[in-house]
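J.: here you go, sequence then predicted model.
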Amino acid sequence: MSALVMGPMLRHVDATSAAVWVETASSAVVTVRLTERAGSDRGASADGDDRSSWQARTFAVHGHHYALVELTGVRPGERSAYEVLVDGEVCWPEPDSPFPASTISTPTEDAPVRLAFGSCRTSVPHNAVGHLTHGVDALRTYALAMADGESGPLGHVPDLLLLLGDQVYADATTAPMKEFIAARRDITEEPGDELADYVEYAHLYALAWTEPALRWLFSWLPTLMIFDDHDIRDDWNTSAQWRAQMESTTWWHGRIVGGLGAYWVYQHLGNMSVEARAQDPLWAELQRRQQDSPDDEADLTAAVDAFAERTDRDPLSYRWSFTHVLGRSRLVVVDSRAARQLDPGNRSMLDDEEMVWLDGQVTGDCEHLLIATSLPFLLPLGLHHLEAWDEAVAQGAWGRRPAPFGEWLRQVLDLEHWGAFTRAFTRVAGMVTEVADGDRGAAPASVLFLSGDVHHSYITEVDRPSGSRILQLV
């Protein structure tokens, strides 16, 4: 028998499909089986499929074993309890679990969607010391409240959880992570007690996501994610100079390859719909190998490493941004880290191809348009102008001599939000204004920017005489 190491995590869910992600202790066949079904019309699905179980063989990366089970042909508006079997043995729910049953709920086309979102979570002990240094774990507290039967804000349980970056901290490790690193290598040599490779990332994700209350929350609340800097390293891709500094070290290559590879496995793989996943080159390679050898576990280690190295070297080769339908509304999740264009004199938060893609997604004809970007698009005006001024200084607007000071200040004060990429900010602001004015289809009721990163919460609104409301929620 192969036990679950992590998961199940319920990821992308739409009206007719769901994705369940797990990590197992060894090679296995993973089955997701619906046990109690309620809602919908109880007839067969649109394609005539009325299955109650789906399975997938694990694949391996650097000695770890994963499966993503795609539940297809499910019915809209159905709520189903489920269990996870590993090699035919029920491994979830765990015996004598104090938590309610894990369920999968598919939406209907016009149902309202209630979204919870947050960012920047460090895994520390849930005791007085942890509370003093990091505060109370909001996500764990939320999970415990849900388990106790609370309905959440406004009296409704959320339909979707959106994690907007810094799901893990690769550069600010906790004591348990430091112990794991020290048992593997000499931490007096770079990168010290920061993460060095994929195996250490795998352990960091386990520390972050195996706490019992969180594990239960992730098992029933569909979750989408996008990275921010600490998933890789503080100020990731701040500038061309920052990038050159990292690439001159002995350890950066291992960090970026391990970090992006682990991100694809642990986070991005579950963001995609069934259709989008079928077009993903790494997933397609996995399907090809599994079809060629259906009884064997495919080892994707070399393929994942090569993929991660390529996406870092050539950002145009892969898109981490994605979209998601929210009933009558639409969510656009923007990669504001890996897609940056850092060439001096031609800086942009998004490279040209990514900007064209975003331009095609920012349209009306929806109830609400939500744009999720880990870094706040709208900062307090003083900070926005400071970042724009610093960008100009670093780019030589006042001559070559002050430019190094501008770069130094940018890195020291983390002046690398949208305001520090003036050209990109102006272009996206134009897109959003056109949507809000009804120039890109019927104007939505609101355009909402959802962000994190700054370790405090705020809401701000653009002062507009007419048209849709434009707000930033952090």
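T.: That came in fine, so what should we check first?

J.: how near is residue 65 to residue 338?
T.: 27 Å (CB to CB, to the nearest Å). Every residue, glycine included, has its C-beta placed from N, CA and C.

J.: how about residue 276?
T.: For residue 276, the distance to residue 338 - CB to CB - is 17 Å.

J.: who's more crowded, those two?
T.: residue 338 (21 against 14; other CB atoms under 10 Å).

J.: let me see the contact set for that one.
T.: Applying CB atoms under 8 Å, 6 or more residues apart in numbering, one finds that residue 338 lies in contact with 227, 237, 260, 311-312, 315, 320.

J.: would you map the helices across the stretch 251-400 of the chain?
T.: 252-266, 274-279, 281-292, 301-313, 352-361, 381-394 (DSSP state H, counting those that start in this stretch).

J.: most packed of those helices?
T.: Most buried of the helices of the stretch 251-400 of the chain by mean neighbour count (mean count of other CB atoms under 10 Å) is helix 252-266; its value is a mean of 23.

J.: tell me the mean pLDDT over that one?
T.: Over the span of helix 252-266, the pLDDT mean works out to 98.

J.: packing partners for it?
T.: helix 198-209, helix 240-247, helix 301-313 (3 or more CB pairs under 8 Å, 6 or more residues apart in numbering; DSSP states H and E).

J.: what sits closest to residue 7 if chain neighbours are left out?
T.: When the adjacent residues along the chain are set aside, residue 7 lies closest to residue 22, with 3.7 Å between them (CB to CB, 6 or more residues apart in numbering).

J.: what about that neighbour, how many neighbours?
T.: 25.

J.: tell me the contacts of it?
T.: Residue 22 neighbours (CB under 8 Å, 6+ apart): 4, 6-9, 30, 66-69, 84, 86.

J.: what subset of those is buried?
T.: 4, 6-9, 30, 66-69, 84, 86 (16 or more other CB atoms under 10 Å).

J.: that older thread, the residue nearest to residue 7 and residue 269: what is the separation?
T.: Relative to residue 269, and taking CB to CB, residue 22 is found at 12 Å.

J.: also residue 52?
T.: 24 Å.

J.: with neighbour numbers in mind, choose between these two.
T.: The neighbour comparison of residue 52 against residue 269 (other CB under 10 Å) goes to residue 269, with 20 against 13.

J.: doesn't residue 67 make contact with the more buried one?
T.: No: if you go by CB atoms under 8 Å, residue 269 and residue 67 don't touch, sitting 10.5 Å apart.

J.: please identify every residue contacting each of those two.
T.: residue 21.

J.: so what's the residue count around residue 465?
T.: Neighbour tally, residue 465, other CB under 10 Å: 4.

J.: returning to that earlier point: what pairs with the helix or strand encompassing the residue nearest to residue 7, parallel or antiparallel?
T.: Remark: residue 22 resides in strand 17-24, with elements defined by DSSP states H and E. The strands beside strand 17-24 in its sheet (DSSP bridges) come out as strand 4-13 (antiparallel), strand 64-72 (antiparallel).

J.: of those strands, which is nearest residue 141?
T.: strand 4-13 (19.2 Å; CB to CB).

J.: specify the angle between that closest one and helix 198-209 in degrees.
T.: 80 degrees (axes from the mean of the first three to the mean of the last three CA atoms, to 10 degrees).

J.: for strand 4-13, which outside residues touch it?
T.: 18-25, 32, 64-65, 68, 84, 86, 91-92, 102, 104-107, 205-206, 209-210, 215, 218-224, 269-273, 324.

J.: now the buried members of those.
T.: Looks like the contacts of strand 4-13 have 18-24, 32, 64-65, 68, 84, 86, 91-92, 102, 104-107, 205-206, 209-210, 215, 218-224, 269-273, 324 buried, using 16+ other CB under 10 Å.

J.: returning to what we had before: with distance to residue 450 added, can I get the helices of the stretch 251-400 of the chain in TSV?
T.: Putting the helices of the stretch 251-400 of the chain into TSV (distance: least, CB to CB, whole Å) gives the following:
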stretch	distance to residue 450
helix 252-266	20
helix 274-279	20
helix 281-292	27
helix 301-313	24
helix 352-361	15
helix 381-394	18
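
J.: what's the pLDDT at the nearest residue to residue 221 once chain neighbours are set aside?
T.: Closest residue in space to residue 221, ignoring its immediate chain neighbours: residue 161 at 4.9 Å, by CB to CB, 6+ apart. At residue 161, the model reports a pLDDT of 97.

J.: show me what the helix or strand containing residue 161 is packed up against.
T.: Element membership for residue 161, per DSSP H and E: strand 160-163. Strand 160-163 sits against strand 115-118, strand 223-225, with contacts defined as 3+ CB pairs under 8 Å, 6+ apart.

J.: tell me which of the helices of the stretch 251-400 of the chain sits nearest to residue 328.
T.: Using CB to CB, these put helix 352-361 closest to residue 328, at 16.2 Å.

J.: which residues sit against the closest one?
T.: Contacts of helix 352-361 (CB under 8 Å, 6+ apart): 315-316, 319, 321, 323, 330, 332, 334-335, 339, 341, 348, 350, 424, 427-428, 431.

J.: nearest residue to the middle of the protein?
T.: The chain has residue 225 as the residue nearest its centroid, 1.8 Å off, counting by CA atoms, centre = their mean.

J.: correct me if wrong: residue 184 contacts residue 200.
T.: Yes: Residue 184 is within contact range of residue 200, at 7.3 Å (criterion: CB under 8 Å).

J.: more neighbours: those two, which one.
T.: When residue 184 and residue 200 are compared on other CB under 10 Å, the one with more neighbours turns out to be residue 200, at 24 against 12.

J.: on the three-state scheme, the residue nearest to the more buried one when sequence neighbours are not counted is what?
T.: Spatial nearest neighbour of residue 200, chain neighbours left out: residue 181 (6.1 Å); criterion: CB to CB, 6+ apart. Secondary structure assignment for residue 181 (DSSP: H, G, I helix; E, B strand; the rest coil): helix.

J.: report the contact partners of residue 181.
T.: 173, 187, 193, 195-196, 200.

J.: in a markdown table: the residues you listed, plus distance to residue 461, secondary structure and pLDDT.
T.: Output for the contacts of residue 181, formatted as a markdown table (distance: CB to CB, whole Å; DSSP: H, G, I helix; E, B strand; the rest coil; pLDDT from 0 to 100):
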| residue | distance to residue 461 | secondary structure | pLDDT |
| --- | --- | --- | --- |
| 173 | 38 | coil | 95 |
| 187 | 47 | coil | 96 |
| 193 | 42 | coil | 97 |
| 195 | 39 | coil | 98 |
| 196 | 44 | coil | 98 |
| 200 | 42 | helix | 98 |
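
J.: and which of the residues you listed is nearest residue 413?
T.: residue 173 (23.6 Å).

J.: show me where the stretch 1-150 of the chain has helices.
T.: 128-134, 138-147.

J.: least reliable of these going by mean pLDDT?
T.: helix 128-134 (a mean of 89).

J.: and that one, which residues are buried?
T.: residue 130.

J.: now do that helix: distance to the chain's middle.
T.: Its chain's C-alpha centre and that of helix 128-134 lie 26 Å apart, by CA atoms, centre = their mean, to the nearest Å.
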